[in-house]
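Asks: sequence first, predicted model second:
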Amino acid sequence: MSTTPSRTPPLMPHLLGPLGKALKYASLMAACLVAVLPLVTVFMASFKTQAEFRESGPLDPPTNWLNLENFVTAFTRGGMIQGFVNTTIILVLSLVGTILIGTMTAYAIDRFDFRGRRLVVGAFLLATLVPGVTTQVATFQIVSGLGLFNTRWAAIVLFMGTDIISIYIFLQFMKAIPRSLDEAAMLDGANRLTIYARIVFPLLRPAIATVVIIKGIAIYNEFYLPWLYMPKRDLGVISTSLFRFKGPFGAQWEVISAGTVLVIIPTLVAFLLLQRHIYNGLVSGATK
Amino acid sequence: MAAVINDAEALDVVRAARSQARPRATGGLGKGGWRITPWLFLLAPVGLLALFTYVPMANMVWYSFTSWDGLDPVKEPVGWQNYVEIFTRPEIFRVFLVSLYYLGGAFIQLVLALYFATVLSFNTRFRTWFKGIIFFPYLINGVAIGLVFLYFFRPGGTLDAVLATFGLADPPLWLGDPSLVNVSLAATSVWRYMGLNFVLFLGAIQSIPNEQYEAADLDGANSWQKFRYIIAPGIQRIIGLSTVLAVSGALSVFEMPFIMTGGSNGSSTFVIQTINTAFTFSQVGLASAMAVVLLIIVLVIAWLQRRLLPDNGGELT
């Protein structure tokens, strides 16, 4: 990482001489090379046969780019199919729950004046400070007390119940929805539930899209919760299934590489399709 | 997760301002409904928040004063013994030194992110491509990154092969040598997280109104002056926030070392040790005390941030 000249003061291109310009592009190219090279060598390794892998160096391309044998092994013997199924189930249910919970909270906090509101807001914000991994020491007792240990529900409830960023994003959007809409509906005799379901919820659609993207990526990438709460083999999500490759395929780097590539490809596709939304979502989720 | 640190106060300020400006707006609406209507909407969210955040936190404090093993129906109180143990057994507290490697990495990460964000905020060819490639690692699954870098650092792996093309034979064991393993892991962390800081900085720089640059041009400012007097103040807040997150992140490093080395060769961190104490060695009492210590440190850092960084509610409205 330290190959780039980070110490030079940043200069604006139109004032740069040819040398400065060359340095600027050189540093950008170097950064891209550092970002991409570790991935490319794994990608190439995933197409090599076992013998070929042993004989060739990491920087040599595979002889046959259509050798999909390792991917088949990863999918079938590595349990990646099960992993993708479990991840999808958890992803869908957690997202639906997060959206309902987040929009309801934002609606209640933004549109009502009630005793204890500051306390509720404070409780949600304080919760963002708690480092999630360590409190699992005690959360574990609750999850197993509820009988959720080794079920998909463990991950689902935890994803739903401990997500504060989404609530925050919904709150931001909520403020931009004029209250006059609520008031007009109320004059027409609509009750609060109708207002939430028919007016506020549909208008929050852009925020919902943002939350689906950010939260979706986070759930897809989550390793620790499923590893701790769902150790059963059939309940492996993609992270934990891939992690288990370290054991049986310990020496078979070409198979491990194929599994890794399989996990990265959906992320790459999502990124290429949703680039702009991902950038905007991260900025609204992290800086506010 | 911890990105919203400083907003409890900011949100309250906004609330106060709003209720002053429109004192009757909500009151008028609320009269028609029941008192408990908002609580009906909050029932599930607050219930889950209490059940999975606050109850565990309270339990954790309780466990930390016992010698519980996680199974025994009896939780024997032991007073402050667990805390005394943390601060007197050097092998427990020493792992915090490992955090220094990640702290160093975080500093390099912020400097690199700032450099690339500044460079790319101006006219650059293939801008979108550079931005995307530098950012993409942040999105990748942590286990996948762990395996990619196990392959990268292994003997005869990608790094050794690259070094060999430059004629550097006989490389060290990047993950096997206890004096190098934390450097390698911290570098992996920089690779993974730099893109996020970069995109956040870039977003902050681009939200600076163009007129400011135009005015600076009229005044004959040079590029360094523009960086110093327009860009730097404009992104001060996000830099402060990122620094705080970097520090608390460095103290609670978990995923990369856990996935790549499992904490061996001196790469164990405080969180790995806490987790092992609880779930491998069944010392839930001691582990809870360790978690409480970390929690207090993180809360103090967040509190310091709110005291030291002025005006952090500016962008809320």
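Replies: That came through, no problem.
Asks: looking at the stretch 101-250 of chain B, which residue is nearest chain A?
Replies: Closest approach between the stretch 101-250 of chain B and chain A, counting by Cβ to the nearest Cβ: B:Thr118, at 3.6 Å. All C-beta spots, glycine's among them, are computed from the backbone N, C-alpha and C.
Asks: residue ranges with poor pLDDT in chain A?
Replies: The model of chain A has pLDDT under 70 over residues A:1-16, A:285-288.
Asks: burial count for the nearest residue to B:Ile235 once chain neighbours are set aside?
Replies: Closest residue in space to B:Ile235, ignoring its immediate chain neighbours: B:Ala204 at 4.2 Å, by Cβ to Cβ, 6 or more residues apart in numbering or on different chains. Neighbour count for B:Ala204, taken as other Cβ atoms under 10 Å in any protein chain shown: 23.
Asks: which residues in the stretch 51-200 of chain A form helices?
Replies: A:69-76, A:80-111, A:117-127, A:132-145, A:152-161, A:165-176, A:179-187, A:192-194 (DSSP state H, counting those that start in this stretch).
Asks: export these as a markdown table, with columns for mean neighbour count.
Replies: Below are the helices of the stretch 51-200 of chain A laid out as a markdown table (neighbours: other Cβ atoms under 10 Å in any protein chain shown):
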| stretch | mean neighbour count |
| --- | --- |
| helix A:69-76 | 18 |
| helix A:80-111 | 20 |
| helix A:117-127 | 18 |
| helix A:132-145 | 21 |
| helix A:152-161 | 22 |
| helix A:165-176 | 21 |
| helix A:179-187 | 14 |
| helix A:192-194 | 16 |
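Asks: which one of those lies nearest to B:Ala246?
Replies: helix A:132-145 (16.9 Å; Cβ to Cβ).
Asks: which helices and strands sit right next to that closest one?
Replies: helix A:152-161, helix A:224-229, helix B:55-63, helix B:270-279, helix B:284-308 (3 or more Cβ pairs under 8 Å, 6 or more residues apart in numbering or on different chains; DSSP states H and E).
Asks: could you check the angle helix B:55-63 makes with the last one?
Replies: The reference is to helix B:284-308. 120 degrees (axes from the mean of the first three to the mean of the last three Cα atoms, to 10 degrees).
Asks: same for helix B:284-308, what does it pack against?
Replies: For helix B:284-308, the packing partners by 3+ Cβ pairs under 8 Å, 6+ apart come out as helix A:132-145, helix B:55-63, helix B:81-88, helix B:236-251, helix B:270-279.
Asks: of all the ones you listed, which one is nearest B:Thr188?
Replies: Among these, the nearest to B:Thr188 by Cβ to Cβ is helix B:236-251 (13.7 Å).
Asks: and the closest one with chain A, contact?
Replies: Yes. Counting by Cβ under 8 Å from any Cβ of the partner chain, chain A is contacted by helix B:236-251 at B:238, B:241, B:248.
Asks: for burial, what's the neighbour tally of the residue of chain B found nearest chain A?
Replies: When scored by Cβ to the nearest Cβ, chain B has B:Leu48 as its residue closest to chain A, at 3.1 Å. By the measure other Cβ under 10 Å, the count of residues near B:Leu48 is 18.
Asks: show me the contacts for the residue nearest to B:Ile235.
Replies: B:Ala204 makes contacts with A:287, B:234-235, B:237-238, as judged by Cβ atoms under 8 Å, 6 or more residues apart in numbering or on different chains.
Asks: which among those residues gets closest to A:Ala30?
Replies: Nearest member of those to A:Ala30, counting by Cβ to Cβ, is B:Ile235, at 23.5 Å.
Asks: show the backbone phi and psi for that closest one.
Replies: phi -110, psi 10 (degrees, to the nearest 10).
Asks: can you pull the contacts of it?
Replies: B:201, B:204-205.
Asks: 10 Å instead?
Replies: Taking Cβ atoms under 10 Å, 6 or more residues apart in numbering or on different chains, we find B:Ile235 in contact with B:114, B:117-118, B:121, B:200-205, B:207-208, B:242.
Asks: and for A:Asp188?
Replies: A:Asp188 sits next to A:Thr194 when contact means Cβ under 10 Å, 6+ apart.
Asks: save the helices and strands packed on helix A:132-145 as JSON lines, and put in distance to B:Ala187 too.
Replies: Output for those, formatted as JSON lines (distance: least, Cβ to Cβ, whole Å):
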{"stretch": "helix A:152-161", "distance to B:Ala187": "30"}
{"stretch": "helix A:224-229", "distance to B:Ala187": "22"}
{"stretch": "helix B:55-63", "distance to B:Ala187": "33"}
{"stretch": "helix B:270-279", "distance to B:Ala187": "18"}
{"stretch": "helix B:284-308", "distance to B:Ala187": "24"}
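Asks: which among these is found nearest to B:Arg89?
Replies: Per Cβ to Cβ, nearest to B:Arg89 of these: helix B:284-308, 9.7 Å.
Asks: before we move on, back to that, nearest to A:Asn280, of the helices and strands packed on helix A:132-145?
Replies: Per Cβ to Cβ, nearest to A:Asn280 of these: helix A:152-161, 22.1 Å.
Asks: quick one: the closest one to helix A:132-145, angle?
Replies: 130 degrees.
Asks: which strands and helices sit next to helix A:152-161?
Replies: Packing contacts for helix A:152-161, counted by 3 or more Cβ pairs under 10 Å, 6 or more residues apart in numbering or on different chains; DSSP states H and E, involve helix A:80-111, helix A:132-145, helix A:205-221, helix A:224-229, helix B:37-49.
Asks: tell me which residue in chain A sits closest to chain B.
Replies: Counting by Cβ to the nearest Cβ, chain A gets nearest chain B through A:Gly161, at 3.1 Å.
Asks: for that residue, which non-adjacent residue is spatially closest?
Replies: B:Leu48 (3.1 Å).
Asks: sorry, back to before: what subset of the contacts of B:Ile235 is buried?
Replies: B:114, B:117-118, B:121, B:200-205, B:242 (16 or more other Cβ atoms under 10 Å in any protein chain shown).
Asks: closest to B:Gly262 out of those?
Replies: B:Ser242 (29.0 Å).
Asks: re the thing from before, just put the helices and strands packed on helix B:284-308 in CSV and tack on distance to B:Asp217.
Replies: Output for those, formatted as CSV (distance: least, Cβ to Cβ, whole Å):
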stretch, distance to B:Asp217
helix A:132-145, 47
helix B:55-63, 53
helix B:81-88, 58
helix B:236-251, 22
helix B:270-279, 49
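Asks: so who does A:Trp153 touch?
Replies: A:90, A:93, A:143, A:146-147, A:160, A:229-230.
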